[in-house]
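Asker: Sequence first, then the predicted structure:
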Amino acid sequence: MTSARVSLRPLASPMQKLTIRPETVADFAAIGEVNQLAFGRDDEARLVDALRAGAFTRLSLVAEFAGQIVGHIFFSDLPIVGVDKTVAALALAPIAVLPEFQKRGIGSELVRTGLDRCRADGQRIVMVLGDPHFYSRFGFSAAMTARLQSIYAGEAFMALELTPGALDGVAGRVEYPPPFSELSA
Ligand SMILES: CC(C)(COP(=O)(O)OP(=O)(O)OC[C@H]1O[C@@H](n2cnc3c(N)ncnc32)[C@H](O)[C@@H]1OP(=O)(O)O)[C@@H](O)C(=O)NCCC(=O)NCCS
């Protein structure tokens, strides 16, 4: 998979570029640190490690700036289990940007690049649990989850169709992989 180089809103030097690329083994420690510092606790870093260990990774991208990992986004399987059929879908979780690099567009770039790559990979549905103010700009909406049952139901539980109509007629229970049940609320 190739990496994408994109311009960044105000940072130290306009010559420096943000690179969004897939994680490598060499990034694991830095990814843990980004999640720990962004969330101010260890839970999300441990979630990423557990999802990786359980082979639930579908896409894990890092944002690299001047040789430093400053952001991270993770997508894992989140099937929708209906009465007649199970529909493949993804969870976007977690996403983290180092506190001193936040509000410069890095998180948005991670989401956009991540969604583009998931779509290119043939994925059709992505779900997220988060703040509607941040995620609605990418097209996520709580209304899309009206026929989905989740332990995280509510305004913060949102879905996005990567292919228009992907959620048409889809109903069922969203099944988070076991590592999510160990995450604190
Ligand atoms: C959420 C996060 C990844 C966004 O990264 P970022 O690089 O700051 O995002 P961008 O610069 O692209 O976008 C900033 C926008 O997101 C909003 N935003 C930032 N953090 C937010 C948060 N935790 N919840 C809701 N909105 C948030 C900002 O208010 C800003 O909105 P605006 O464009 O209307 O001013 C980053 O703030 C972060 O790591 N937060 C801590 C971890 C976290 O809460 N992760 C998300 C869990 S769902």
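Answerer: On my side now, so go ahead. Residues are numbered from 1 along each chain as shown.
Asker: so where is this structure shaky, pLDDT-wise?
Answerer: Segments of the chain classed as low confidence (criterion: pLDDT under 70) are 1-15, 184-185.
Asker: And the helices in it?
Answerer: Listed in chain order, the helices of the chain (DSSP state H) span residues 28-39, 43-53, 106-120, 132-135.
Asker: Out of the ones you listed, which is closest to the ligand?
Answerer: If you check each of the helices of the chain against the ligand by C-beta to the nearest ligand atom, helix 106-120 wins as the nearest, at 2.2 Å. Backbone N, C-alpha and C define where each C-beta goes, glycine included.
Asker: does the ligand sit close to the closest one?
Answerer: Yes. Counting by C-beta under 6 Å from any ligand atom, contacts between helix 106-120 and the ligand involve 106-108.
Asker: Reformat those as a markdown table; add neighbour count.
Answerer: Shown next, in a markdown table, are the residues of helix 106-120 next to the ligand (neighbours: other C-beta atoms under 10 Å):
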| residue | neighbour count |
| --- | --- |
| I106 | 23 |
| G107 | 19 |
| S108 | 15 |
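Asker: Just put these in TSV and tack on distance to A159.
Answerer: Output for these, formatted as TSV (distance: C-beta to C-beta, whole Å):
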residue	distance to A159
I106	24
G107	19
S108	19
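Asker: Could you pull out the strands in this protein for me?
Answerer: 4-6, 18-22, 57-65, 68-77, 80-81, 86-87, 90-97, 125-129, 148-149, 157-161, 172-174 (DSSP state E).
Asker: For the ligand, find the nearest of these.
Answerer: Sorting the strands of the chain by C-beta to the nearest ligand atom, the top spot, which is the nearest, belongs to strand 90-97 at 3.9 Å.
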